[in-house]
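> dropping the sequence and predicted coords here.
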Amino acid sequence: MRVSSNNSGFTLLEMMVAVLVVGLTVTTFFQLFGASLRLEQRGRGFDEVIVVGRQTFAELLVRDLRKDEFPWSGEIEAFSWELQLEAVDVKPEADAEADDEDVALRWTSELYRLVFTIQDKNRPGRHLRLVSYRQLNPGYFTDDFKEKHLAET
């Protein structure tokens, strides 16, 4: 009687390599899954800052800045915000050209920049800065108002 030696199965070494490959694949999958959950949570926090910031800034833009009760800073939900008014100087280059050509220029408006900054009080890294420009007639803001509210640029 003859015993045939049929080696059709896997060796121990092949099994160990297969288990190692599957283990590395599963470990990598779970690391990627965990990282994606963290990124999604972080993104959700930034979405909240953006939504609250844009809504608050839009509400401020429709109000009259010259009123005494106008809020220049405040808190809403878990956020603190601040609004700054800056004058934009657009005249020097045009004035220099006009001086060279002996032309008198008269500016019929003034340009101002409104800078809105909102910060998540619980997470300092989450903040948003929005900017809007306003073209206004000269004298729209009084000198007293400018001294009180105009930020240094």
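Nice, I can see it. Numbering: from 1, shown residues only.

> and the helices in the chain?
For the chain, helices defined by DSSP state H occupy the ranges 12-61, 92-101, 143-149.

> can you list the weak-confidence ranges in the protein?
1-7, 45, 91-107, 153 (pLDDT under 70).

> quick one: residues contacting the spatially most central residue of it.
For the chain, the residue nearest the mean C-alpha position is L128 (3.7 Å; C-alpha atoms, centre = their mean). Residues near L128 by C-beta atoms under 8 Å, 6 or more residues apart in numbering: V49, I50, G53, T117, I118. Heads up, the C-betas are built off the backbone N, CA and C, glycines and all.

> try W72
Counted by C-beta under 8 Å, 6+ apart, W72 has contacts E82, L83, Q84, H149.

> now render those as TSV, adding distance to S109.
Shown next, in TSV, are these (distance: C-beta to C-beta, whole Å):
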residue	distance to S109
E82	26
L83	21
Q84	20
H149	19
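
> one step back: any idea how far the residue nearest to the residue nearest to the centre of the chain when sequence neighbours are not counted is from L83?
Leaving aside its chain neighbours, L128 sits nearest to G53 (4.3 Å; criterion: C-beta to C-beta, 6 or more residues apart in numbering). Distance of G53 to L83, given as C-beta to C-beta, to the nearest Å: 11 Å.

> can you check K121 too?
In this view, K121 and L83 are 17 Å apart by C-beta to C-beta.

> between the two, tell me which one has more neighbours.
Neighbour count, other C-beta atoms under 10 Å: between K121 and L83, L83 has more, with 23 against 11.

> so that one touches V115, yeah?
Yes. Applying C-beta atoms under 8 Å, one finds L83 in contact with V115, separated by 7.2 Å.

> which one (most neighbours) among the contacts of W72?
Of those, with other C-beta under 10 Å as the count, L83 tops at 23 neighbours.

> tell me who's in contact with S80.
Per C-beta under 8 Å, 6+ apart, neighbours of S80: S73, G74, I118, Q119, K121.

> and with 7 Å instead?
Going by C-beta atoms under 7 Å, 6 or more residues apart in numbering, S80 touches Q119, K121.
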